[in-house]
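Engineer: I'll drop the sequence and a predicted model, then ask my questions.
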Amino acid sequence: MRTKILEALANSLPVQQLLKSETVTQTLGSVLNLRTTVENFIEQKILSTLKVFEVPSRKEIAQMEKKIHHLESELMSMHRRALIKKLKGSVEKSKGEKNKAEKTEQEQIREELSGGERTKKVERSKAEKSKVGKKAVKKKKK
């Protein structure tokens, strides 16, 4: 509604005649420039006052938000990497335990096999000794 009123006012005959006047347009331009200058001056004074009281400006707050977001992202990335490393470690540990269990089983089997072979070897050597001993006894008797 406000826009319609301003459009109607701007299109009215008296305003059109005023805008054709060079002095009116120069005055309006000066007023708009002065308004911009005053706004910049007020903004500078507000910023300097905020700095005196150590209150951050909107721009500074926006910069801090960006930094915080970046740090949060970096922290989450580090957390993910740590979890992945931990998971890999637990998988390797469980593989290692499995390998140890397999090695232990394999070693037991080897020991049993080699123990059986040792037993056979010991029995063979005993038998050979006893044969040699019997032969020696027989030779002595003769």
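Structural biologist: That came through fine.

Engineer: and the gap between residue 50 and residue 59?
Structural biologist: 11 Å (Cβ to Cβ, to the nearest Å). Any C-beta I mention is one placed from the backbone N, CA and C, and that applies to glycine too.

Engineer: Neighbour count for the two, which is higher?
Structural biologist: Applying other Cβ atoms under 10 Å to residue 50 and residue 59 shows that residue 50 carries more neighbours, namely 14 against 9.

Engineer: Packing partners of the one helix or strand the more buried one maps to?
Structural biologist: In this structure, residue 50 is located in helix 22-52 according to DSSP states H and E. Packed against helix 22-52, as judged by 3 or more Cβ pairs under 8 Å, 6 or more residues apart in numbering; DSSP states H and E, are no other helices or strands.

Engineer: Go through that helix and flag the buried ones.
Structural biologist: By 16 or more other Cβ atoms under 10 Å, helix 22-52 has no buried positions at all.

Engineer: for the record, mean pLDDT for that helix?
Structural biologist: For helix 22-52, mean pLDDT rounds to 93.

Engineer: For this protein, give me the ranges with low pLDDT.
Structural biologist: Within the chain, the segments meeting pLDDT under 70 span 91, 93-142.

Engineer: give me that answer again for 80
Structural biologist: Scanning the chain for pLDDT under 80 picks out the ranges 89-142.

Engineer: so how far is residue 82 from residue 25?
Structural biologist: Residue 25 is 67 Å from residue 82, by Cβ to Cβ.

Engineer: Apologies, that question was intended for residue 21.
Structural biologist: 74 Å.

Engineer: same question, residue 62
Structural biologist: Taking Cβ to Cβ, one finds residue 62 at 31 Å from residue 82.

Engineer: same check, this time on residue 76
Structural biologist: 11 Å.

Engineer: Let me see the ranges of the helices in the chain.
Structural biologist: 2-10, 13-20, 22-52, 58-141 (DSSP state H).

Engineer: The shortest one vs helix 2-10, what angle?
Structural biologist: Just to be clear, that refers to helix 13-20. Taking axes from the mean of the first three to the mean of the last three Cα atoms, to 10 degrees, one finds helix 13-20 and helix 2-10 inclined to each other by 70 degrees.

Engineer: same thing with the third one?
Structural biologist: Taking the same axes, to 10 degrees, one finds that helix 22-52 is oriented at 150 degrees with respect to helix 2-10.

Engineer: Right, I'll call it a day here.
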